[in-house]
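Novice: Pasting the sequence and the predicted model now:
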Amino acid sequence: MHILQNISLQSYNTFGISAKAKHFCEVSNIEELKNVFSLKEYPTKFVISGGSNLLLTKDIEALVIHINIKGISIIEEDNDYVILKVMAGENWHEMILWTLENNYGGLENMSLIPGKTGTAPIQNIGAYGVELKDHFVSCEALHTETLEIKSFSKEACKFGYRDSYFKNEGKGKFVITSVNLKLTKTNHILNTSYGSIEEELLKKNIKKPSIQDISNAVITIRQSKLPDPKEIGNSGSFFKNPILSKEEFLVFSSKHPEAPFYKISDTLFKVPAGWLIEQSGFKGKRLGDAGVHKKQALVLVNYGKATGQEILNLAHTIISEVRNKFGITISPEVNIIR
Ligand code: EPU
């Protein structure tokens, strides 16, 4: 394990922001991770994984630690289920392709989400009606001070909508090293409830979809409206969909009866931030190299040379316009480093 100096982080964040790391190293096993956290000469450390949920607005003075710990193993199985232990550095989508090759079901709706497996629990990633927590058993994480590996049950992770213990009380205290997932080997539970999946299957005339068919449908849908970070820098949804109380929602929907919404419970309603942003006139807008994606207003993009600060300025403008127009405050989903 070598510590390098003045390394560009452009290829380590999907926004493609060209911030620098003053010190940088890559770890490929847990021993290396422990060693690097015990280095007293670098008092501050900054962990980077897939860099797919990150906006860098400045150079990083700390020691940047890139997690590249690989491996997938079966830790338990019977005729119906398998429990996989996936190491943190495994690419999420490639890991799903591997599960599909082995006919393990559960993750197919979350195909093509960028990033690595170790960061999936931090914001309880989800798409097309399925969230990580639906298949999560436990994870292991290194406590960055005691250097002990601690196991977290599903309850201990306190998962919520794009939220977990690791984004709140546990923030900055742990580095997730592996994730255990429970998947089906037979009688797969297919989730086609999300409208566009049904439409896509219908287009292909698939009546009895397999888990592979669902994954293919999700890949087609995502490719049709989400920009590929390899072609245009982005970090997926930049904002969370705001959650309104019943009272707030009734006021909102009486003024905007055409607005789409999801009922979460009898008292909570989620309104798509993408709709609010589009209605505020930002879809496809561009300010220098920072922009709002043409096909999905929830996604901010870097057309090439935008700085993190320019993306952040655009985000602030959007937040205040949406607040002026709808009285709703939307907040970022990405981890902003200022
Ligand atoms: N909409 C608009 N204009 C837009 C975008 C969306 O009017 O520019 C409307 C759509 O017409 C639809 C509603 O908003 O009625 C919801 O849109 P969509 O189904 O595309 O999903 P979303 O709420 O925008 C969420 C996740 C995505 C995930 C999709 C599918 C969040 C913050 N985002 O987006 O996650 O892929 O659902 O499940 O919850 C990500 O987190 O990076 C991500 C892409």
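Specialist: Okay, I see it.
Novice: so how far is I96 from the residue of the stretch 1-150 of the chain found nearest the ligand?
Specialist: Per CB to the nearest ligand atom, A127 is where the stretch 1-150 of the chain lies closest to the ligand, at 3.8 Å. C-beta: built from backbone N, CA, C; applies to glycine. Computed with CB to CB, to the nearest Å, the distance linking A127 and I96 is 11 Å.
Novice: what do you get for S280?
Specialist: Taking CB to CB, one finds S280 at 34 Å from I96.
Novice: my guess is the residue of the stretch 1-150 of the chain closest to the ligand contacts E108, does it?
Specialist: No: here A127 lies out of contact with E108, judged by CB atoms under 8 Å, at a distance of 10.4 Å.
Novice: Return the distance of the nearest residue to I337 once chain neighbours are set aside relative to V301.
Specialist: What sits nearest to I337 in space, not counting adjacent residues and going by CB to CB, 6 or more residues apart in numbering, is L56, at 5.2 Å. From L56 over to V301 the distance is 15 Å, taken as CB to CB.
Novice: quick revisit: identify the contacts common to A127 and I96.
Specialist: Residues touching both A127 and I96 (CB atoms under 8 Å, 6 or more residues apart in numbering) are M110.
Novice: ok, those two, which is more surrounded?
Specialist: Neighbour totals were compared for A127 and I96, and I96 leads with 23 against 18 (other CB atoms under 10 Å).
Novice: what sits against that one?
Specialist: L107, E108, M110, S111, S215.
Novice: re the thing from before, pull up the overlap in contacts between A127 and E108.
Specialist: Common contacts of A127 and E108 (CB under 8 Å, 6+ apart): V218.
Novice: where do the strands sit along the stretch 201-338 of the chain?
Specialist: With strands called from DSSP state E, counting those that start in this stretch, the stretch 201-338 of the chain shows them at 233-237, 243-245, 262-263, 268-270, 286-287, 290-292, 299-302, 335-337.
Novice: Quick one: closest of those to the ligand.
Specialist: Across the strands of the stretch 201-338 of the chain, the ligand has its closest neighbour in strand 233-237 (2.4 Å, CB to the nearest ligand atom).
Novice: Just checking: what are the partner strands of that closest one?
Specialist: Here strand 233-237 has these sheet partners by DSSP bridges: strand 299-302 (antiparallel).
Novice: same question for the strand it pairs with, mean pLDDT?
Specialist: Averaged across strand 299-302, pLDDT comes to 98.
Novice: right, is that strand up against the ligand?
Specialist: No: legend: contact between strand 299-302 and the ligand by CB under 6 Å from any ligand atom is lacking; minimum distance shown is 7.1 Å.
Novice: pLDDT value on H256, please?
Specialist: For H256, the predicted pLDDT is 98.
Novice: Any regions of this structure where pLDDT drops low?
Specialist: Along the chain, no part satisfies pLDDT under 70.
Novice: so what are the domain limits for it?
Specialist: Split into domains by automatic domain parsing, the chain comes to 4-67, 72-200, 233-337.
Novice: what about the first one, near the ligand?
Specialist: No: contact check for domain 4-67 against the ligand, using CB under 6 Å from any ligand atom: none in range, with a minimum separation of 7.6 Å.
Novice: how distant is that domain from the center of its chain?
Specialist: 18 Å (CA atoms, centre = their mean, to the nearest Å).
Novice: and if you look at stretch 142-157?
Specialist: Chain-centre distance of stretch 142-157: 20 Å, with CA atoms, centre = their mean.
Novice: hmm, who's touching it?
Specialist: Taking CB under 8 Å, 6+ apart as the rule, stretch 142-157 contacts 30, 33-34, 37-38, 45, 121, 124, 133, 136-141, 164-166, 172-175, 177.
Novice: Weed out the non-buried ones from these.
Specialist: 30, 33-34, 37, 45, 121, 124, 133, 136, 138-141, 164-166, 174-175, 177 (16 or more other CB atoms under 10 Å).
Novice: and the nearest residue in space to T307 that is not next to it in sequence, what is it in contact with?
Specialist: Spatially, and ignoring its direct neighbours in sequence, T307 is nearest to I17 (6.7 Å; CB to CB, 6+ apart). Residues near I17 by CB under 8 Å, 6+ apart: L9, Q10, L55, L56, T57, G233, N302, A306, T307, G308, I311.
Novice: Sort out for me which of those are in helices.
Specialist: G308, I311 (DSSP state H).
Novice: Narrow the contacts of I17 to those that are buried.
Specialist: Counted by 16+ other CB under 10 Å, the contacts of I17 give L9, L55, L56, T57, G233, N302, A306, T307, G308, I311 as buried.
Novice: Please report phi then psi for the spatially most central residue of the chain.
Specialist: For the chain, the residue nearest the mean C-alpha position is I125 (4.9 Å; CA atoms, centre = their mean). When read as degrees, to the nearest 10, the backbone of I125 gives phi -60, psi 150.
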